[in-house]
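Participant: How does the following fold in three dimensions:
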Amino acid sequence: MFLKLCAAYLVLVLLVAGFESDMLNSLSERSVVRRVAVDVAAMGEGRVVRNVDRAFALRPPEGRRDALADLDGYVVNTDVLLQLSAVHGRDQEIPAVLAAAGRRKQTKAGSQCLFDGSSLLDEGSDSSKHGASIKDEDLHTLAVQDDFVSVLRRLPPITKKLHVKWPNKNVTNSTSDMAQYGLRQMIDLNPDWDYQVWSDGEVDEYLESHLSLLDWTLAKGTGYAEKSDIWRLILLYCEGGYYQDMDRIYNLPMASVLAPETKMLLPVGGADFAQDCMGTAPGNPIFKEAIHLNLARRRAVGNKADPARVLWMGPLTYFNAVTKVMFGVMLERGGGSSLLDRLHGLAEGVSPLIITKRETWCHLIAAEMDDCKWIGRAGLYKEYGIQEWSAAEKARNASLLEQGS
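Facilitator: Have a look, this model is predicted:
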């Protein structure tokens with residue numbers, strides 16, 4: 001299988017050399033292919049070198065296109081052309097592209113968790129438009145979709161794994177109030193659950209292994225807030241479990257939050273379904289829809305500096321996905337308290353399959369603080385010398401805009 005993958009990749013490199021020779025002007029087509037073949041040989045597959053001439057036998061454009069069509073079952077596809085075109089002749093980057101393609105092949109071979117946004121733009125207009133608005137007098141027409149409930153019931157149990165994202169893994173030993181009232185209690189109150197603190201590098205690696213080359217290329221140029229939004233969706237769809245942001249409090253054991261038949265946690269905040277706290281069984285169709293919307297929308301708008309894109313790709317997209325899959329109509333976030341009350345009430349109607357809660361600061365789906373003690377997050381960020389995500393995103397966009405001017 002590895003040999004087929006490498007041979008397919010050689011064909012694609014040849015395609016780039018034939019159609020994008022100006023970008024690879026420092027090397028001939030054959031030397032590009034041979035250079036990749038040598039790199040592959042160093043990875044333990046020397047026979048690939050002998051496939052160079054076979055690849056050149058596909059030199060007629062029609063033959064190369066047919067070969068590409070035959071590669072649809074492999075992860076290596078037309079995205080590779082776009083990715084290699086972005087290399088702009090820096091052939092030393094090709095081995096990294098090859099290695100990433102190999103990881104994607106392994107991901108696809110083991111699961112259905114490789115996502116490619118190239119086919120999503122044509123699946124309908126939902127990916128590019130905003131959700132619909134609904135009048136208060138029409139809220140009674142909303143209902144939880146029976147097919148969604150049926151799918152949810154058939155899912156496996158929620159995976160007993162806790163996920164958080166933070167640049168420094170030793171945050172479990174942080175003395176800040178936020179870490180003590182949040183992450184530390186989450187770990188200590190759930191001794192039968194595994195946990196993982198995901199670093200920025202691990203998030204990048206996970207995304208690279210679960211996204212097509214072009215989708216990863218677009219995502220990796222964004223800030224950590226946007227990466228975290230798409231990462232948590234893919235992680236929970238593929239593996240299930242519980243995720244919460246580092247700056248959330250926690251003090252209820254999962255055993256007291258979940259029922260045996262629970263397949264999803266759906267907290268409701270002041271404006272939407274909370275995205276900083278998620279729990280689900282693997283395979284949840286809401287998460288799949290949110291992933292598809294995210295990738296299609298990023299394909300449509302790119303990753304240029306845009307202060308509004310974090311909100312668009314994150315909370316707005318998640319709200320669109322929840323309402324589309326669960327209630328049969330893609331609604332727009334910001335419909336007011338009457339809309340959220342109605343959606344929350346409908347979700348409560350399928351409890352305990354879905355556990356939901358209208359959250360306030362000290363009354364959360366996984367935390368109850370009777371004294372409503374305020375726990376600030378400034379100390380946590382100061383301890384690790386990092387900015388809060390909103391400030392970091394503002395600075396990043398300003399820098400990008402300055403570079404583009």
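Participant: Which parts of the stretch 251-400 of the chain are helices?
Facilitator: Here the stretch 251-400 of the chain has its helices, by DSSP state H, counting those that start in this stretch, at 254-257, 285-301, 309-311, 317-327, 337-348, 378-384, 389-404.
Participant: The fourth one vs helix 285-301, what angle?
Facilitator: In other words, helix 317-327. Put simply, helix 317-327 runs at 140 degrees to helix 285-301, going by axes from the mean of the first three to the mean of the last three Cα atoms, to 10 degrees.
Participant: Looking at the helices of the stretch 251-400 of the chain, which one is packed in the most?
Facilitator: Sort these by mean neighbour count, taking mean count of other Cβ atoms under 10 Å, and helix 317-327 sits at the top with a mean of 24. (Each C-beta comes from the backbone N, C-alpha and C, glycine too.)
Participant: where does the protein dip in pLDDT?
Facilitator: 1-111, 119-128, 389-405 (pLDDT under 70).
Participant: per the record, what domains does it have?
Facilitator: 2-110, 119-404 (automatic domain parsing).
Participant: re the thing from before, for the helices of the stretch 251-400 of the chain, which one sits closest to Lys165?
Facilitator: Of all the helices of the stretch 251-400 of the chain, helix 389-404 sits nearest to Lys165, with 10.5 Å by Cβ to Cβ.
Participant: tell me the phi and psi of the residue nearest to Lys373 when sequence neighbours are not counted?
Facilitator: Leaving aside its chain neighbours, Lys373 sits nearest to Cys362 (7.4 Å; criterion: Cβ to Cβ, 6 or more residues apart in numbering). Backbone geometry at Cys362, expressed as degrees, to the nearest 10, gives phi -100, psi 10.
Participant: Also Cys372?
Facilitator: phi 50, psi 40.
Participant: next one: Met330
Facilitator: phi -80, psi 110.
Participant: same deal with Glu359?
Facilitator: Torsion angles, degrees, to the nearest 10, at Glu359: phi -90, psi 140.
Participant: Check Gly223 too.
Facilitator: Torsion angles, degrees, to the nearest 10, at Gly223: phi -80, psi 170.
Participant: so it touches Val310, yeah?
Facilitator: Yes: counting by Cβ atoms under 8 Å, Val310 is a contact partner of Gly223 at 7.2 Å.
Participant: Is it correct that Ile187 is in contact with Asn173?
Facilitator: No: using Cβ under 8 Å, Ile187 is not in contact with Asn173; the gap is 11.0 Å.
Participant: And these two? Which one has more around it.
Facilitator: Ile187 (17 against 9; other Cβ atoms under 10 Å).
Participant: List the contacts of the more buried one.
Facilitator: Leu162, Thr172, Tyr195 (Cβ atoms under 8 Å, 6 or more residues apart in numbering).
Participant: Next, the contact list for the second one, please.
Facilitator: So the one you mean is Thr172. Contact partners of Thr172, counting by Cβ under 8 Å, 6+ apart, are Ala179, Leu183, Arg184, Ile187, Val197.
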